[in-house]
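Peer 1: This is the structure alone, sequence omitted:
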């Protein structure tokens, strides 16, 4: 059974800080790893990672995958209060199309 | 708004009642997924459809749960004889089946409270 563990469970920072969120996984026949941001409702897609060592970047957010060590990190630089959310990591294997999610990291950015 | 939509957004019911939720996917998407999310947890997969065919079902999907996608467009998820443990957010997602870059886009969810 595929497994995803995220750390830390929660994090409180001040605006302008840089944060790193961690996601480790155990997957049979890994296909991809995805990051989502969840505020009060729908998870919104951030990144999909399939290859090791290639950084994906969108504004102040970036993410990278290490398929040898089985983890990914999500970095947020110059945090803003609007970054406050739950960040979800999920993996997909080659056997099916379902996503297996971790428990999420709850980030709170204080002004 | 061309995103995934779900109805109702909130549902309160008494234990033992049946409830039905609807999901309308993004119009050109041929895959539709149902997930359940409880407080403090990530979403858990329930089932998915490709067009009108239900292709995968989780062990979480007990015989009280049934999902349909009769015309390959919208889907319904019915829970019969609801129990308090069914209280959760029910999320629907849709995707377009492409070889490597398939991304699931989520709707706003239906929050169910069983009293």
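Peer 2: Received the coordinates, thanks. Just so we're clear, the structure is a prediction, and the values are computed from it rather than from any experiment.
Peer 1: confidence score at residue B:75?
Peer 2: We have a pLDDT of 97 for residue B:75.
Peer 1: Could you find the closest non-adjacent residue to it?
Peer 2: Here the nearest residue to residue B:75 in space, its sequence neighbours aside, is residue B:69; by CB to CB, 6 or more residues apart in numbering or on different chains that works out to 4.2 Å. Heads up, the C-betas are built off the backbone N, CA and C, glycines and all.
Peer 1: Counting neighbours, what do you get for that neighbour?
Peer 2: When neighbours are defined as other CB atoms under 10 Å in any protein chain shown, residue B:69 has 23 of them.
Peer 1: again with residue B:55
Peer 2: Residue neighbour count, defined by other CB under 10 Å, stands at 13 for residue B:55.
Peer 1: Quick check: the gap between residue B:69 and residue B:23.
Peer 2: Here the criterion is CB to CB, to the nearest Å. By it, residue B:69 lies 9 Å from residue B:23.
Peer 1: what sits in contact with each of those two?
Peer 2: Residues touching both residue B:69 and residue B:23 comprise B:32, B:75, B:76, with contact defined as CB atoms under 8 Å, 6 or more residues apart in numbering or on different chains.
Peer 1: hang on, the earlier thing: the residue nearest to residue B:75 against residue B:55, yeah?
Peer 2: No - using CB atoms under 8 Å, residue B:69 is not in contact with residue B:55, being 10.6 Å away.
Peer 1: Need the residues touching each of the two.
Peer 2: Between them, residue B:69 and residue B:55 have residue B:49 as joint contacts when contacts are counted by CB under 8 Å, 6+ apart.
Peer 1: does residue B:48 sit in a helix or strand, and which one?
Peer 2: In this structure, residue B:48 sits in strand B:44-50 according to DSSP states H and E.
Peer 1: Could I get the contacting residues of the residue lying closest to residue A:79 once chain neighbours are set aside?
Peer 2: The shortest distance from residue A:79 to any residue other than its chain neighbours is 4.6 Å, reached at residue A:109 (CB to CB, 6+ apart). When contacts are counted by CB under 8 Å, 6+ apart, residue A:109 is found next to A:13, A:14, A:15, A:17, A:79, A:80, A:81, A:82, A:83, A:84.
Peer 1: Could you look up the SS state of the fourth one?
Peer 2: Taking DSSP: H, G, I helix; E, B strand; the rest coil as the rule, one finds residue A:17 in the coil state.
Peer 1: Grab the nearest non-local neighbour of it.
Peer 2: According to CB to CB, 6+ apart, the nearest residue to residue A:17 is residue A:79 (5.2 Å).
Peer 1: Can you give me the neighbour number for that neighbour?
Peer 2: As a burial measure, the neighbour count of residue A:79 was computed by other CB under 10 Å and equals 21.
Peer 1: where does it fall, phi/psi-wise?
Peer 2: phi -60, psi 150 (degrees, to the nearest 10).
Peer 1: Now that we're looking at the closest residue to chain B within chain A, what pLDDT does it have?
Peer 2: Minimum separation of chain A from chain B (CB to the nearest CB) falls at residue A:101, amounting to 3.1 Å. Per-residue confidence for residue A:101 comes out at a pLDDT of 96.
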